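>>> This is a predicted model, with the sequence first.
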Amino acid sequence: MVNATQVLFFTLSAFFDTGVFKYLYFIIIISLYIVIICANLLLIVVICMNRSLHEPMYLFLCSLFVNELYGSTGLFPFLLVQILSDIHTVSAPFCFLQIFCLYGYAAIQFHNLSILSYDRYLAICYPLQYNTRMTSNKVALLIALIWLFPFLAIAVLLSLSAPLQLCGNIINTIYCDNYSIVKLACSETRVNNLYGLIYTCLVVFGPLILILYTYIKILKVCYSGSKPTRQKAVSTCTPHLASLLNFSFGCFFQILQSRFDMSNVPMMLRNFLSLYFLTCQPIFNPLMYGLQMSKIRSLCKSLIFGKT
């Protein structure tokens, strides 16, 4: 039996020998990272510099873009090093740190999307009471909860995983995953599995239930309301729904891959889909919100091209 104190590093077995193509993959990944940084940073600067965008919806979007920078930084530098390396290993402390970063990114993203849906619900269903219900203090409190609650939940998750006695150190992924480490355990993992279920309900299903509830209410108002009300709902909710579906698809596949045997799926496809919610979402959101929302689009043009 190998205990936790003897596992000094983990081997990431999902990487495969790419030969000379590793330099091509390196260029593709670093290009994606640069695009993500530039796109999200541009929108953060636009929202922060323009007082006209200091409204609840745009502040929640700013939190969303900051989280995408955070999640990308937790993955891309590590991935770039692994692509150029011939030995795909990672130290145990860094592995748990990466889990904290990536799980934090996913949890904050779900909570941020749920708060955005709640904000749209108040704006569309209670337009006259919106300013009294969504005050600046409430916005600050919600943003603080979006970030603090997931970090506390993940800290508990990792405090249960770190002391486990492990019988191996090979993880069949291209980045560190908590459930993959738990599967290596020789000791009892019932507490880990129970908390993992609670964590999933709090982080994934809780926000999704809130989103479902708010959109049912929004649809009722749209069907019974005037044409301008429907147009407002469509223009503000379309980017949010597209972002939610895109992110949920990536997370759903990653959960399936970590829980079930996917050996019949080609390794390259598995790797691509496991990276989907970490790479496509930070590119998709700035494009969707930047192109769909005319206020952000016009301010981005004026910042880039110097037009007033």
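Okay, I see it.

>>> So which residue is dead centre in this structure?
Residue closest to the average C-alpha location in the chain (C-alpha atoms, centre = their mean): residue 106, at 3.4 Å.

>>> so what secondary structure elements neighbour whichever strand or helix holds that residue?
Following DSSP states H and E, one finds residue 106 within helix 92-125. Applying 3 or more C-beta pairs under 8 Å, 6 or more residues apart in numbering; DSSP states H and E, one finds that helix 92-125 makes contact with strand 9-12, helix 56-84, helix 130-133, helix 136-161, helix 178-182, helix 206-224, helix 227-259, helix 267-292. Where you see a C-beta, it was placed from the backbone N, CA and C, and this is true even at glycine.

>>> Out of these, which gets the lowest mean score?
Of all the helices and strands packed on helix 92-125, helix 227-259 carries the lowest average pLDDT, namely a mean of 78.

>>> and that one with helix 92-125, angle?
Relative orientation of helix 227-259 and helix 92-125, computed by axes from the mean of the first three to the mean of the last three C-alpha atoms, to 10 degrees: 160 degrees.

>>> what pLDDT, on average, does stretch 92-101 get?
Mean pLDDT, stretch 92-101: 92.

>>> can you give me how far that stretch is from the chain middle?
Relative to its chain's centre, stretch 92-101 lies at 16 Å (C-alpha atoms, centre = their mean, to the nearest Å).

>>> List of residues touching it?
Residues outside stretch 92-101 that contact it (C-beta atoms under 8 Å, 6 or more residues apart in numbering): 7-10, 70-71, 73-75, 78, 90, 151, 154-155, 158, 161-162, 171, 175-178, 181.

>>> Go again with 6 Å.
7-8, 10, 74, 154, 158, 176, 178 (C-beta atoms under 6 Å, 6 or more residues apart in numbering).

>>> Arrange those residues in JSON lines, one row each, with distance to residue 52 and neighbour count as further columns.
Listed next are these as JSON lines, based on distance: C-beta to C-beta, whole Å; neighbours: other C-beta atoms under 10 Å:
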{"residue": "7", "distance to residue 52": "53", "neighbour count": "19"}
{"residue": "8", "distance to residue 52": "53", "neighbour count": "10"}
{"residue": "10", "distance to residue 52": "48", "neighbour count": "24"}
{"residue": "74", "distance to residue 52": "32", "neighbour count": "20"}
{"residue": "154", "distance to residue 52": "36", "neighbour count": "22"}
{"residue": "158", "distance to residue 52": "41", "neighbour count": "15"}
{"residue": "176", "distance to residue 52": "42", "neighbour count": "23"}
{"residue": "178", "distance to residue 52": "42", "neighbour count": "22"}
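
>>> Show me the two of those residues that sit farthest apart.
The span of the contacts of stretch 92-101, defined through C-beta to C-beta, is set by 8 and 154 at 22.6 Å.

>>> can you pull the buried residues of stretch 140-157?
142-143, 146-147, 150, 153-154, 157 (16 or more other C-beta atoms under 10 Å).

>>> Extract the C-alpha trace of stretch 228-245 and format it as CSV.
Output in CSV follows, covering the C-alpha atoms of stretch 228-245 (Å, rounded to 0.1, in the frame of the first residue of the first chain):
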residue,chain,number,x,y,z
PRO,A,228,-41.0,45.7,-26.7
THR,A,229,-40.9,43.5,-23.6
ARG,A,230,-40.3,40.4,-25.7
GLN,A,231,-37.6,42.2,-27.8
LYS,A,232,-35.8,43.3,-24.6
ALA,A,233,-35.9,39.8,-23.1
VAL,A,234,-34.6,38.2,-26.3
SER,A,235,-31.7,40.7,-26.7
THR,A,236,-30.5,40.4,-23.1
CYS,A,237,-31.2,36.7,-22.6
THR,A,238,-29.8,35.2,-25.8
PRO,A,239,-26.1,35.6,-24.9
HIS,A,240,-26.7,34.2,-21.5
LEU,A,241,-28.6,31.1,-22.7
ALA,A,242,-25.9,30.5,-25.4
SER,A,243,-23.2,30.8,-22.8
LEU,A,244,-25.0,28.5,-20.4
LEU,A,245,-25.6,25.8,-23.0
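
>>> mind checking how far it is from the chain centre?
Put simply, stretch 228-245 sits 20 Å off its chain's centre (C-alpha atoms, centre = their mean).
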